[in-house]
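Q: Give me coordinates for this.
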Amino acid sequence: MADLRPGTEFAGHRIEGVAGRGGMGTVYRATHLVLDHEVALKVISAELASDEAFRERFRSESRIAVSLRHPNVVPVHHAGEEDGRLFVTMDLIDGPDLRRLLISGGTIDPARAAALLTQVAGALDVAHSRGLVHRDIKPGNVLVEPREGEDPAEHAFLTDFGLAKRFDQASGAALTATGGFVGTLDYVSPEQIKGERVDARTDVYALGCVLYEMLAGGPPFGDRSENVSKMYAHLQDEPPWLPGEVDDDLDEVIARALAKEPRDRFPSAGDLARAATAAASGMEGTVAERSVARGPAAPRTPAGSSPVPAESLDPTIESEAPAGGSGAPGGGIGGSDGPGGPGATVADSGDGPSGPGAPPLEATREDRTPATPAQAQRSPDEPPAPRGRRRFGVLLLVTAAVVAVIVAAVLLLGGDDGSSSGPTVDGDPIPVKGFPLGLAIHDNLVSVVTRNGGELVSFKKETRKQVGDAIDLGGSGEDVAIAAGSAWVTLPGDGAVARIDLDENGVPAGTPQLIPVGTEPRGISADGGEVWVANLGSASVTMIDAKTNAATPLPLPEGAEPTDVAFDGDDVWVSDRSGSVIELPNGGEGKPKAFPVGNDPKGIDVLDGYVWVAVTGDGKVSRIATDGGEPFLVDVGGEPRGLVADTERNLVWVANGDGYVTAIDPDDLGNPKDVDVSGSPEEVAVGPLKVWATTGVGNELYSIEP
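A: A predicted model of the protein is given here:
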């Protein structure tokens with residue numbers, strides 16, 4: 001199914017534009033036709049909606065989510081089905097998610113962290129009292145809206161109630177109906193890993209992980225590079241100490257929240273928040289604890305009731321935040337589905353030379369990223385803090401029961417032994433004649449552009465069969481993007497972009513409409529109602545208004561050779577074949593800035609505050625902070641060409657002309673994962689369940705299991 005075009009009426013709403021995309025679907029800005037009220041309308045991807053188990057869970061939990069009313073729950077107005085599409089409408093929130101705040105700021109001071117935690121805990125307590133367990137508490141599902149002149153100055157919203165998660169190998173999410181667990185590995189509880197019953201205390205565990213991340217800059221076991229080691233840590237290891245400047249009382253709070261046995265944790269999210277508030281402010285004393293969970297969220301056995309230090313705590317602290325309203329669209333709409341915890345990367349560590357003339361930092365395949373900030377900031381020689389919390393200096397003996405649990409979980413995840421944990425080719429490739437290059441994923445289709453054939457061909461992902469007729473482009477095609485109900489294809493020889501409308505099934509159909517742009521257009525990127533084109537021959541970028549087809553040229557510095565373009569919501573980023581990445585601030589209104597990256601950069605995209613570019617001539621991928629700073633080089637070898645950011649799995653995928661596709665984990669830069677394919681991979685694109693790559697020389701389209 002195609003994107004909903006601006007102006008389309010859908011389920012009693014008028015579509016205004018795309019507000020965001022994720023692995024679960026597309027979020028639109030929409031206006032209620034009767035109430036004239038702007039909302040976020042999330043349409044679930046066709047691939048997920050076709051799963052009957054997913055549909056059933058979506059229906060049942062959405063009914064509860066719609067009934068939840070709390071100042072810190074993103075108000076869900078309606079959930080249903082229209083023309084075969086599952087959708088949910090909710091308030092628009094004007095603010096980023098907590099994960100982006102942590103990426104930009106690193107850590108959050110204890111008082112501010114406790115204030116945000118208190119608001120999220122209030123939302124959870126209300127959900128638990130209605131029998132609903134969230135199961136996927138993480139920074140990406142907490143939206144933070146600034147409130148000037150109010151107390152608190154930041155209003156936190158918990159989102160993604162009622163949106164059940166399907167299993168995903170890279171992110172660690174699963175649908176319980178399939179026998180897996182629901183959650184994200186950085187925040188998943190031991191009982192979820194073991195496949196045991198979950199209740200409110202499962203969310204308490206995840207909320208404790210979020211508190212740790214706010215204080216330390218990364219999740220408690222974020223330094224574990226493999227899924228199996230993360231699972232082992234959640235099952236067996238105590239969380240690392242918080243940074244030395246954080247009060248030890250907060251270590252005690254974290255330890256209890258992350259207790260391996262649910263009965264040893266705080267009985268409610270509100271109790272965790274009150275304990276964190278007391279520890280952050282230096283209060284002492286005790287406060288009565290209570291379980292608020294009911295129905296399916298209630299424990300089957302009584303929770304522990306150990307007193308928590310406090311002096312004078314308001315028992316309603318978790319539910320006194322001011323009511324929230326709708327606002328302009330924000331970057332956190334619908335939450336982020338990828339694993340959280342960016343922490344401090346090697347590039348941010350401050351080690352080594354810096355400044356304009358300093359060489360970029362680099363991770364080779366033998367290097368490993370450092371420990372998470374919490375572990376890196378405490379000296380190994382520092383004596384343990386004078387608290388009752390035990391620390392073990394020797395490896396735990398793994399019991400047969402633990403081994404069995406991990407083996408079962410690893411089988412569920414598709415293997416994670418270091419040799420089989422990387423991506424794998426999924427079945428036989430699809431033959432595509434005419435040197436396939438650019439490709440785009442939309443709903444249940446993959447559309448591919450051919451250079452020699454001069455065609456746009458579409459395939460259904462499930463059957464791998466061609467759908468519809470091949471579209472004759474009238475010349476060699478290069479790249480393709482899907483936006484505003486159309487496919488947009490660059491035609492270098494014609495100096496134009498071909499616009500092909502999608503039919504009611506989302507298949508490109510009809511006669512291409514040519515829109516003149518610059519000389520020799522190459523890369524193309526779409527963002528809602530705007531399409532951006534890199535013109536190699538005329539040293540320019542063209543912005544096309546999808547509503548009017550009006551093309552606006554944006555000049556680049558003299559001598560620039562643009563090959564690809566990416567847009568991050570504010571700025572335009574251009575890969576310059578002469579050796580740099582060019583930033584066009586404020587959608588091209590600001591003065592261009594150039595960042596040297598290496599020899600012959602090509603594919604470019606943006607992920608979590610960083611620009612990533614394939615540096616073909618150097619066999620590397622360069623990572624640049626969008627707010628400046630030295631580039632960081634990731635050694636991938638060969639000839640990296642196409643590159644795409646995978647927001648669902650928090651990965652960067654690279655098509656390498658030497659015969660393989662590489663997955664880069666931003667939290668493990670020294671350990672890229674390769675999957676061998678035949679021919680010469682040219683471009684790569686990501687979907688909710690698969691990654692797809694074209695091979696020009698091989699004339700094939702590959703499907704890859706992440």
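
Q: name the element Phe157 belongs to?
A: Using DSSP states H and E, Phe157 falls within strand 154-158.

Q: Show me what that strand is packed against.
A: helix 110-129, strand 142-146 (3 or more CB pairs under 8 Å, 6 or more residues apart in numbering; DSSP states H and E). Backbone N, C-alpha and C define where each C-beta goes, glycine included.

Q: By mean pLDDT, show me the worst of these.
A: With a mean of 89, strand 142-146 has the lowest mean pLDDT of the helices and strands packed on strand 154-158.

Q: Keeping just the C-alphas, turn that strand into CSV.
A: Extracted in CSV, the C-alpha atoms of strand 142-146 (Å, rounded to 0.1, in the frame of the first residue of the first chain):
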residue,chain,number,x,y,z
VAL,A,142,9.5,8.6,26.5
LEU,A,143,8.8,12.0,24.8
VAL,A,144,9.9,15.1,26.6
GLU,A,145,8.1,18.4,25.9
PRO,A,146,9.6,21.7,27.2
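
Q: and among the helices and strands packed on strand 154-158, the most buried is which?
A: helix 110-129 (a mean of 24; mean count of other CB atoms under 10 Å).

Q: what packs against that helix?
A: Helix 110-129 packs on strand 142-146, strand 154-158, helix 200-216, helix 269-281, going by 3+ CB pairs under 8 Å, 6+ apart.

Q: Pull the distance from the helix or strand following the strand holding Phe157 to the chain's centre.
A: Note on strand 154-158: by DSSP H and E, the next helix or strand toward the C-terminus is helix 190-193. Mean C-alpha position of helix 190-193 versus that of the full chain (CA atoms, centre = their mean, to the nearest Å) differs by 23 Å.

Q: Helix 190-193 - contacts with which helices or strands?
A: When contacts are defined as 3+ CB pairs under 8 Å, 6+ apart, helix 190-193 packs onto helix 200-216, helix 227-236.

Q: Show me what counts as buried in that helix.
A: 190-193 (16 or more other CB atoms under 10 Å).

Q: and the residues you listed as TSV, adding pLDDT and distance to Val613?
A: As requested, those are exported to TSV (pLDDT from 0 to 100; distance: CB to CB, whole Å):
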residue	pLDDT	distance to Val613
Pro190	94	40
Glu191	91	42
Gln192	89	37
Ile193	89	37
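
Q: on that earlier part again, and Pro688, which of the helices and strands packed on helix 190-193 is closest to it?
A: Nearest to Pro688 among those is helix 227-236 (19.0 Å), distances taken as CB to CB.

Q: Show me the shaky parts of the protein.
A: 1-2, 21-23, 149-152, 161-183, 225, 285-287, 301-421, 628-629 (pLDDT under 70).

Q: Repeat the analysis, applying 50 as the threshold.
A: Counting by pLDDT under 50, the ranges of the chain that qualify are 162, 164-182, 301-359, 365-399, 411-420.

Q: Distance check, Ser622 against Asp564.
A: 13 Å (CB to CB, to the nearest Å).

Q: Could you do Glu520 as well?
A: Relative to Asp564, and taking CB to CB, Glu520 is found at 13 Å.

Q: Between those two, which has more neighbouring residues?
A: Asp564 (28 against 20; other CB atoms under 10 Å).

Q: Spell out the secondary structure type for that one.
A: Of the three states, Asp564 takes strand under DSSP: H, G, I helix; E, B strand; the rest coil.

Q: Which residue is the nearest non-sequential neighbour of it?
A: Excluding the flanking residues, the one nearest Asp564 by CB to CB, 6 or more residues apart in numbering is Gly523, at 3.1 Å.

Q: cool, and Ala276?
A: Nearest residue to Ala276 in three dimensions, chain neighbours excluded: Ala114, at 4.7 Å (CB to CB, 6+ apart).

Q: In this structure the one you found contacts Thr277, no?
A: Yes: counting by CB atoms under 8 Å, Ala114 does reach Thr277; the two are 4.4 Å apart.

Q: Give the burial count for Glu252, as a bare number.
A: 18.

Q: Let me know the helix or strand that it is in.
A: helix 248-257.

Q: Only alpha carbons, please: show that helix as CSV.
A: What follows is helix 248-257 as a C-alpha-only set of coordinates in CSV (Å, rounded to 0.1, in the frame of the first residue of the first chain):
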residue,chain,number,x,y,z
ASP,A,248,25.9,6.0,46.3
ASP,A,249,22.3,5.9,47.4
LEU,A,250,21.2,5.9,43.8
ASP,A,251,23.4,2.8,43.3
GLU,A,252,21.2,1.1,45.9
VAL,A,253,18.0,2.2,44.2
ILE,A,254,19.3,0.8,40.9
ALA,A,255,20.4,-2.5,42.5
ARG,A,256,16.9,-3.0,43.8
ALA,A,257,15.1,-2.0,40.7
